[in-house]
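Mind looking at a prediction? Sequence and model below.
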Amino acid sequence: MSLQPVKRPDGFTLVELVVAMLIIAILTAIAVPSYRYYSLKAKRSDAINTLSSDQSILERCYAQFLSYNNTNCGLVSGSFPQTSQKGYYTITAPTLTATQYTLTATATGAQAADTTCSFFTITQTNTQTASSTSCWQH
């Protein structure tokens, strides 16, 4: 009579499953905040692109009519507030006269969680300000 080895059932033990779940939980706890930060940072380009586009329109207007707020231009006081190109910012023009303008982009919706760069401004002299000095670089 030969002895047959005891065959273990196939599968994972409870301890192995708990260890695997613990590793996944730790990796998720590290990855999700990093992903969220980079996602918010990437969306800042929406504000910069929209402000640059509006600035170009206003500068063309001034070159043609010697006024930033001429009604023949694409952007006048009634055009604001407007939504940025991808919808992450609200664009306003707190100052829009014949000789000067200030455009402001304020984060809205889920982008409002980006407290580092919650707003951007640009003027007719190309003075760029934001809620942090690193916001205009990307």
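Thanks, I have it.

show me where this structure has helices.
14-42, 44-65 (DSSP state H).

Distance to Pro81 and mean neighbour count added to the ones you listed, as JSON lines?
Heads up, the C-betas are built off the backbone N, CA and C, glycines and all. Output for the helices of the chain, formatted as JSON lines (distance: least, C-beta to C-beta, whole Å; neighbours: other C-beta atoms under 10 Å):
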{"stretch": "helix 14-42", "distance to Pro81": "21", "mean neighbour count": "11"}
{"stretch": "helix 44-65", "distance to Pro81": "12", "mean neighbour count": "18"}
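
domain parsing for this structure?
Under automatic domain parsing, the residue ranges defining each domain of the chain are 12-42, 44-130.

still on that earlier bit, so which of the helices of the chain gets nearest Gln111?
Among these, helix 14-42 comes nearest to Gln111, with 6.6 Å by C-beta to C-beta.

what about the closest one, average pLDDT?
Per-residue pLDDT values over helix 14-42 give a mean of 91.

in the protein, which residue is closest to the centre?
In the chain, the C-alpha nearest the mean C-alpha coordinate belongs to Lys43, at 2.4 Å (C-alpha atoms, centre = their mean).

quick one: contacts for the nearest residue to that one once chain neighbours are set aside?
Leaving aside its sequence neighbours, Lys43 sits nearest to Tyr88 (C-beta to C-beta, 6 or more residues apart in numbering; 4.8 Å). Neighbouring residues of Tyr88 by C-beta atoms under 8 Å, 6 or more residues apart in numbering: 43, 46-47, 107-111.

Low-confidence ranges, this structure, go.
Applying pLDDT under 70 to the chain flags the ranges 1-2, 138.

can you pull the contacts of Arg36?
Per C-beta under 8 Å, 6+ apart, neighbours of Arg36: Ala113.

ok, it to Ala42 distance?
11 Å (C-beta to C-beta, to the nearest Å).

hmm, back to that, take the helices of the chain and write them to a markdown table, including distance to Gln137.
Below are these laid out as a markdown table (distance: least, C-beta to C-beta, whole Å):
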| stretch | distance to Gln137 |
| --- | --- |
| helix 14-42 | 11 |
| helix 44-65 | 10 |
